[in-house]
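In: below are the sequence and a predicted model; questions follow.
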Protein chains: 2
Amino acid sequence: MTTTATTLKGQPLDRPTLDAMLRRRLFFTPAFEIYGGVAGLFDYGPPGCSLQANIIDLWRKHFILEEDMLEIDCTVLTPHEVLKTSGHVDKFADWMCKDPKNGDILRADHFVEDVLEARLKGDKEARGEKVEEEDDPKKKKKRKQKTEAVKLEDAVVQEYSEILAKIDNYNGEELGELIKKYDLRNPATGVQPSPPVAFNLMFQTSIGPSSNLAGYLRPETAQGQFLNFAKLLEFNMQQMPFASASIGRSYRNEISPRAGLLRVREFLMAEIEHFVDPEGGKKHSRFYEVEDIELTLLDRHTQLSGKTDLRKMTIGDAVRNKVVDNETLGYFLARIHLFLAKIGVDMTKVRFRQHMENEMAHYAADCWDAELLTSSGWIECVGCADRSAYDLSVHAKKTGAPLLVRERLDEPRVFEEWQVEIEKKKFGPAFKKDGKTVETALLATSQEQREKLAKQLTDNGELELDVPGVGDGKVKVSKDLVTVEFRKRVENTREYTPNVIEPSFGIGRILYSLIEHCYWNRATDGGDEARGVLSFPPTIAPTKVLIVPLSANAQFKPFIKKISQKLRKIGISARVDDSSATIGKRYSRNDELGTPLGITIDFQTVKDNTITLRDRDSTKQVRADEDTIVSAIQTLVDGSKEWKDVEAALPAFEGQEVDVAVR
Amino acid sequence: MTTTATTLKGQPLDRPTLDAMLRRRLFFTPAFEIYGGVAGLFDYGPPGCSLQANIIDLWRKHFILEEDMLEIDCTVLTPHEVLKTSGHVDKFADWMCKDPKNGDILRADHFVEDVLEARLKGDKEARGEKVEEEDDPKKKKKRKQKTEAVKLEDAVVQEYSEILAKIDNYNGEELGELIKKYDLRNPATGVQPSPPVAFNLMFQTSIGPSSNLAGYLRPETAQGQFLNFAKLLEFNMQQMPFASASIGRSYRNEISPRAGLLRVREFLMAEIEHFVDPEGGKKHSRFYEVEDIELTLLDRHTQLSGKTDLRKMTIGDAVRNKVVDNETLGYFLARIHLFLAKIGVDMTKVRFRQHMENEMAHYAADCWDAELLTSSGWIECVGCADRSAYDLSVHAKKTGAPLLVRERLDEPRVFEEWQVEIEKKKFGPAFKKDGKTVETALLATSQEQREKLAKQLTDNGELELDVPGVGDGKVKVSKDLVTVEFRKRVENTREYTPNVIEPSFGIGRILYSLIEHCYWNRATDGGDEARGVLSFPPTIAPTKVLIVPLSANAQFKPFIKKISQKLRKIGISARVDDSSATIGKRYSRNDELGTPLGITIDFQTVKDNTITLRDRDSTKQVRADEDTIVSAIQTLVDGSKEWKDVEAALPAFEGQEVDVAVR
């Protein structure tokens, strides 16, 4: 597979080299590897774990603390009924088919996509055209398919392309038809797979000893937040709007996960549910703070026209021009943009892609994904959806719990309208078993209908109404059973179900994409191509400082201890490497770990208590007394200064580092 | 149920009042409550979630950062084979029985315990003795049983007491016999439950679409750490000893969880696996730092003699006197003690209880629990076990992975011993299909046997060996097929499987116990008994500062904003309460949330930019300019100063707080 992905310095990104480095440095590793591993499950080693914790820490500050969101922590185990109501039991599924020959289980849409793409690629080869990776917004992942150089008819090429453009829209039956119509075969066996069947992606279990309470591992953290809405609103002293947030694991039993950290079965999510009044255009009081921020957008219309051209636009303009549906949604898109920039994502590799109408859940009003460009294409890392009032409504309906806001109106609202009033006492006996049906039909009438019915009552002493299923479908109601009058109604409170804007972050995908964005190798400096570097910003880097003594000389030990303690005291994570490797090798190991700063302790230190500080990215060094260096480190780690500031302020040092630059 | 539990100020602890307060302030809440709830599942609301995050944060600093532990993050989903090997599939079970009448499912040991205790209590009542809560170390939880005042024979009382003393030691069959012998009946129905059957406590699921990979939700985080041992050792550059650590959720399908946060089905654990060389007495290089720390111990011998007397002893003495098995175990007990003190646990309500021999896993060398005294009795909150080499050994044996340490010896070890050497070329053809069996028998001989065999070879030109299953069980091997000689062997490296010391923290249990330890009410001040306070230390408190403007006057708004931003910038969480409630009520609400500090903005603030700072525990206030107050807050939150220091340094204020003291 060719890839057009590049490193931070624009070098071609060699995925196998990067993968080997990440394994070597234990960023992550297949879970249960000594037992042969399980697809889609990964463990994070110390640097991955620390990177994840730092991203989460920054997320919490950027979103939760900044806006006083209500963080809650709900259980992963979820009973059947909750996910039945939310729609997940019925709809959270992918289509899978089975190869009857070798038993391979294939995800149907991926299978169709792969085979058709391979044929198109074969066609291009046969035509002698250059085969390049497509930059298709729909494609989350590339799978390997062997291609044969076979020329297709022009009309067939057209058909295949059209199918691929709307591959997300086919249901199981339609995918089955495509497999038959185009005789799509599993390359591994040469046979057609069986017709697709729905496979629910939730892990099932049973709760309690009697095995009769079916449950699932949650597929998202959102439901727990919705179920607690009434309590959260009360905790927030009935004030609207407000947001809840959760950070926690979710689970999806992917049919055949094969893309490393980008498609896994157990993953960390960070989700915000911002509850907002649906009336008044979903304004946001802090929108003015972000309106000049420029985002890279790929809107629905552009995609509909078959293009992937990116547009730069301020979020202010995007909302004003109705590219983005409302201020609250726009506010969060901008905040997501700022968050990604803060953790060190390469902002030239970010776009916000709007969902197509048929891509969204039926209840969603608008939805944008923040996608990051990686060696696997554009990857959806953050979703930002307007879920409307759907979730709160269905849970309220199912349980009878009042998941709504009661707002005291400053000015009572006065309605003048046709009102229907039923004489309950006489009405029931008059219609007997049909009473309820007739009543419902009467109450369901529109204002226009009621005006007419009122006239009938006045004119004829009775009204006539269509009530299918009762008698011959026409029902007469006399004026002693019902009144229809034009009246005034006053409301002092207003009840409404809030709408939900949901920014939802896949932390593992962000973490992996960030690694690719921060990766490069020293060939740029005329150095060694094999020497990888991960240029994480200091705030995010797993370890902030490497401490290396020049040698194992015992004189260095007290200095190591003193500096370690000083750094620990101000909360800066440091590691000592007193192995016998050369200083160059030790720094090189820490370039791969993304450690931004290095301290060297040498014989000069023993004499005058000065130490050197090395910058990972430039490999430049400065030298000063211990306290000066420690406070320089603090400003670099808290982000208040950059290396160039430190370099300008402190004397350069060009001693022992020499061996790093050339090896 | 009576309880002898007390509040922080020694008041009787009224559990229902505390529970109501925790619900009202949304510390935690039954999960899925609007769907009727699921036993043993709880959600943490904003204050509980923040308290949990602060405990974890401090845990990470106290253990992981302080000792450069390798933190890893493994999956919860675990395939069958792993937990089969670890012994969990076969042994991680409780005994349950069923009431044939109403279908109640009962945990057998709890059922026997409850009924016998109820009878003993009834006996005491009948004898007119005072019925008090026992302080039994084995009892993790109290369950309700109605008692009838029925006098028992003295011998029966004796029998019951003996059974209760060793209730943890009965297996299912024995529990079944007790139920029959003493005719134990479910009070709800008056019938005897069915014989106990084993119920595995792991939640089962299946991984992947073909449903044939059985998996479980992990019951502990430890296994993931063991499986990654070889990679972690390499990451640590082969240096021993070292520790890994994991913070994450684990799952236990409790038969009938009924004790709030103390017995739940989904819970957060923080576990350390410290890998240590089993040779040399498991010394710890930092033991000297903790040896003078005094712990409250309840050792095995005291418990065996039927007593619960606590002994105070320095950990240095405990290890020297072999009360605690070794330095490494002792080091961690002391570190656990320091951690509990740091988060604000009442240290008069902590004891370290040693496991009885039959209480530990068969492989464990020693095990101590840190138990906290609560209204539910002594609760095991931290376990600290020496798991020996058990886990690494069984996984290595099952998978063939080398989960061991290869240590280069500074001085080679020289062994002089009888060695058996086989002439492979001739040996195989000579014995044909029995070759492997005979070879194995030869190599399995002891030094003594070999000495004799060598003599046989010299004397007879052949040796005779017992090899059951080959021929008549006696096999002759001639000297051209084998040599047995006394030789010198030199080893330059040593291979060993490390032992594991495992401190394992149940974060939810610690959190709940901590809440009880920090709880009291204002009746002590002559104030209102209904006014609860949670005196969390500032480092742990969910929110550090409450900001209250005297009224809704618009003049106060810019001050609120400025102070909020200043606090946020230095990472201190604050909340504004600008509701129309009285200042007293607003402070009172925040006493219940455990917010240690309060800032009031009043008309004086508008004039001279001074604000008042209130201490939650004493309700005393000081007044100074904004910057002085903010830096006082910083020193209180980072723990470098206490309120009395601040009170001594800044002028007291006795204005608006008046209404708090009286209401």
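Out: That came through, no problem.
In: tell me which residue is most central in chain A.
Out: Nearest residue to the geometric centre of chain A (CA atoms, centre = their mean): A:Val382, 2.9 Å.
In: how is A:Leu373 assigned, secondary-structure-wise?
Out: Using DSSP: H, G, I helix; E, B strand; the rest coil, the structure places A:Leu373 in strand.
In: chain neighbours aside, what residue packs nearest to it?
Out: Closest residue to A:Leu373 apart from its sequence neighbours, by CB to CB, 6 or more residues apart in numbering or on different chains: A:Lys349 at 3.9 Å. Any C-beta I mention is one placed from the backbone N, CA and C, and that applies to glycine too.
In: surely the one you found is in contact with A:Leu372?
Out: Yes. Using CB atoms under 8 Å, A:Lys349 is in contact with A:Leu372, at 5.9 Å.
In: more neighbours: those two, which one.
Out: A:Leu372 (25 against 19; other CB atoms under 10 Å in any protein chain shown).
In: so where do the helices sit in the stretch 201-350 of chain A?
Out: Using DSSP state H, counting those that start in this stretch, the helices found in the stretch 201-350 of chain A span residues A:222-227, A:229-235, A:287-290, A:300-304, A:315-320, A:327-343.
In: ok, which of those helices comes nearest chain B?
Out: helix A:229-235 (4.8 Å; CB to the nearest CB).
In: the residue nearest to A:Leu373 and A:Leu233, how far apart?
Out: Distance of A:Lys349 to A:Leu233, given as CB to CB, to the nearest Å: 39 Å.
In: so which residue of the stretch 501-650 of chain A comes closest to chain B?
Out: Across the stretch 501-650 of chain A, the shortest distance to chain B (CB to the nearest CB) belongs to A:Ser579, at 5.7 Å.
In: any idea which helix or strand carries A:Lys397?
Out: helix A:390-399 (DSSP states H and E).
In: what packs against the helix or strand following that helix?
Out: Per DSSP H and E, helix A:390-399 leads on to strand A:405-422 as the next helix or strand towards the C-terminus. If you count contacts as 3 or more CB pairs under 8 Å, 6 or more residues apart in numbering or on different chains; DSSP states H and E, strand A:405-422 packs onto helix A:435-443, helix A:447-460, strand A:482-496.
In: residues contacting A:Phe42?
Out: Residues in contact with A:Phe42 (CB atoms under 8 Å, 6 or more residues apart in numbering or on different chains) are A:28-31, A:260-261, A:264, A:508, B:75.
In: repeat that for 6 Å
Out: With contact taken as CB atoms under 6 Å, 6 or more residues apart in numbering or on different chains, A:Phe42 is in contact with A:28, A:31.
In: got it, and A:Thr205?
Out: Counted by CB under 6 Å, 6+ apart, A:Thr205 has contacts A:215, B:203, B:205.
In: one more pass at 7 Å, please.
Out: Residues near A:Thr205 by CB atoms under 7 Å, 6 or more residues apart in numbering or on different chains: A:215, B:203-205.
In: check A:Val438 too.
Out: Residues counted as contacts of A:Val438 (CB under 7 Å, 6+ apart) are A:431, A:467, A:470, A:475.
In: skipping adjacent residues, who's closest to A:Pro47 in space?
Out: Nearest non-adjacent residue to A:Pro47, counting by CB to CB, 6+ apart: A:Pro542, 4.1 Å away.
In: contacting residues for the one you found?
Out: By CB under 7 Å, 6+ apart, the contact set of A:Pro542 is A:47, A:50-51, A:593-594.
In: for A:Leu392, same thing?
Out: Contacts of A:Leu392 by CB under 7 Å, 6+ apart are A:226, A:229, A:403, A:497-498.
In: low pLDDT regions in chain A?
Out: Applying pLDDT under 70 to chain A flags residues A:1-3, A:131-146, A:211, A:525, A:656-663.
In: for it, what's the longest helix?
Out: helix A:108-126 (DSSP state H).
In: what comes up buried for it?
Out: Buried positions in helix A:108-126, judged by neighbour count with 16 or more other CB atoms under 10 Å in any protein chain shown: A:108-125.
In: now swap in stretch A:198-211 and tell me
Out: Buried, per 16+ other CB under 10 Å, within stretch A:198-211: A:199-209.
In: coming back round to it: in a strand, the residue nearest to the centre of chain A, correct?
Out: Yes. Looking at A:Val382 with three-state DSSP, it is inside a strand.
In: which of the residues in stretch A:251-259 are buried?
Out: In stretch A:251-259, counting by 16+ other CB under 10 Å, buried: A:251-257, A:259.
In: please apply the same query to stretch A:463-480.
Out: A:463, A:465, A:467, A:470, A:475, A:477.
In: domains in chain A, by residue range?
Out: Following the assignment in the TED database, chain A carries domains at A:47-84+A:201-388+A:499-504, A:92-198, A:409-492, A:529-647.
In: from the chain's centroid, how far away is the last one?
Out: In this case it means domain A:529-647. Chain-centre distance of domain A:529-647: 35 Å, with CA atoms, centre = their mean, to the nearest Å.
In: repeat that for the second one.
Out: Centroid separation between domain A:92-198 and its chain, computed with CA atoms, centre = their mean, is 27 Å.
In: so that domain, near chain B or not?
Out: Yes. Using CB under 7 Å from any CB of the partner chain, domain A:92-198 comes into contact with chain B via A:96, A:105.
In: isn't there a strand covering A:Leu22?
Out: No. Counting by three-state DSSP, A:Leu22 falls outside a strand, being helix.
In: neighbours of it, just the number please.
Out: 23.
In: over to A:Tyr216?
Out: Neighbours of A:Tyr216 under the rule other CB under 10 Å: 26.
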